[in-house]
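# build me a structure from this.
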Amino acid sequence: MNALPPMQVGTDPGGTAYMYAKRALAEFVHELAHNLAPKMIRANVVHPTNVNTDMLHSDPMYKSFRPDLEHPGGQDATPAFYVQQAMPIPWIEPVDISNMVLFLASDESRYVTGMQMRVDAGGYLKWYDFHK
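Numbering: from 1, shown residues only. Down below sits the predicted model:
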């Protein structure tokens, strides 16, 4: 599996599983939207980056972002959170995701289907080459 950055086999099974699940979800929504479009049923997916929630601000996440430290805390991990995004921010707010979901549920998006809505402050741009 192509993981960026390349890692030693077995060193990040959680991260690899997360990436695989996200790719599988993207493919599933694409196929779902393709099959449901003739019935005027839409399917989209929202892909967030780091979100300012209790999940991000937790010991397991701190350790994930700072594996070089035995017991990292929030102050240790926050500088590492910036790595995920192209924009110079450590995370987005939950309302940013809610706003995208509200848009997708609104009449303004009535012809939006099969989309990968990345509310990620440029995270996808930073890690994946558009031309590959």
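
# now Gln85: closest residue in space, sequence neighbours ignored.
Ala121 (3.8 Å; CB to CB, 6 or more residues apart in numbering). Glycine gets a C-beta too; all of them are placed from N, C-alpha and C.

# so what's the residue count around the one you found?
A count of neighbours around Ala121, defined by other CB atoms under 10 Å, yields 22.

# ok, the one 5 residues further on next?
For Lys126, the tally of surrounding residues (other CB under 10 Å) stands at 15.

# try Arg23
With other CB under 10 Å as criterion, Arg23 counts 12.

# tell me which element it is part of?
helix 13-36 (DSSP states H and E).

# which strands or helices does the helix or strand just after that helix pack on?
Of the helices and strands lying after helix 13-36 in sequence (DSSP H and E), the nearest is strand 45-48. If you count contacts as 3 or more CB pairs under 8 Å, 6 or more residues apart in numbering; DSSP states H and E, strand 45-48 packs onto helix 13-36, helix 94-105, strand 116-119.

# out of those, which one sits most buried?
Stretch with highest mean neighbour count among the helices and strands packed on strand 45-48: strand 116-119 (a mean of 16; mean count of other CB atoms under 10 Å).

# quick check: next helix or strand after that strand?
helix 123-127.

# same for that next one, what does it pack against?
Short answer (3+ CB pairs under 8 Å, 6+ apart): helix 123-127 packs on no helix or strand.

# buried sites along it?
Gly123 (16 or more other CB atoms under 10 Å).

# also stretch 49-68?
For stretch 49-68, by 16+ other CB under 10 Å, it's Thr49, Asn50, Asn52, Leu56, His57, Met61, Tyr62, Lys63, Ser64, Phe65, Arg66.

# in a helix, Leu69, correct?
No. Read with DSSP: H, G, I helix; E, B strand; the rest coil, Leu69 is coil and lies in no helix.

# tell me which of the helices and strands packed on strand 45-48 lies nearest to Val83.
Closest to Val83 of the helices and strands packed on strand 45-48 is helix 13-36 (CB to CB; 12.8 Å).
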